[in-house]
Every structure is written in structure tokens, then in C-alpha cells.
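[1] This is a predicted model, with the sequence first.
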Amino acid sequence: MHYTIDEIGEDYVVVNGERIEVDPPFESVPDKQDYETWLNEVMADAVKTIGSRAKVSAL
């Protein structure tokens, strides 16, 4: 999944149209493109890590 940053405020980020509260607030508002790139890289790494683990049986 690709994440698109729609808006960044001091205490929130809008990602793919969904507002997410940031607590604690940003010390300085990050650049939208840099933050979007960072988020997509982090999520891609997380998916790789989770995908490399053994399957977990559903309860």
C-alpha cells in the first residue's frame, strides 16, 4: 500500500484522507514530501519484517 500525505499540522497528519493525531506534536512541521517518503520506506520495511516471520495461526 502506498501512503499519501494530504496535510501536515503541528499536532496531526492526514494520511490517505484519514486524520491521525500526533502526540506529542511535531517540534517543527516536517516537509510533506520528505515525510511521505519516510513513511512509505518505514512501512515497506515493516511489511518485509512481518512477512519474513513464520505464519501465525488464526485463533
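    Here it is on my side, so go on. Just so it is clear, the model here is predicted, and its values are computed rather than measured.
[2] Pairing partners for the closest residue to residue 32 other than its chain neighbours in the sheet, please.
    Of all residues not flanking residue 32 in the chain, residue 5 sits nearest, at 5.2 Å (Cβ to Cβ, 6 or more residues apart in numbering). Yep, even glycine has a C-beta here, placed from its N, CA and C like the rest. Beta bridges link residue 5 to residue 15 when assigned by DSSP bridges.
[3] Residue 5 is in contact with residue 38, isn't it?
    No - here residue 5 does not reach residue 38: they are 9.8 Å apart, not a contact under Cβ atoms under 8 Å.
[4] tell me the SS of residue 20?
    strand (DSSP: H, G, I helix; E, B strand; the rest coil).
[5] and it, bridged to which residues?
    residue 13.
[6] so where's this structure uncertain?
    Scanning the chain for pLDDT under 70 picks out 52-59.
[7] ok, for the residue nearest in space to the middle of it, nearest residue in space, not its chain neighbours?
    Nearest to the mean C-alpha position of the chain, counting by Cα atoms, centre = their mean, stands residue 39 at 4.3 Å. Spatial nearest neighbour of residue 39, chain neighbours left out: residue 3 (5.0 Å); criterion: Cβ to Cβ, 6+ apart.
[8] Which of the three states applies to the one you found?
    coil.
[9] gap between it and residue 48?
    16 Å (Cβ to Cβ, to the nearest Å).
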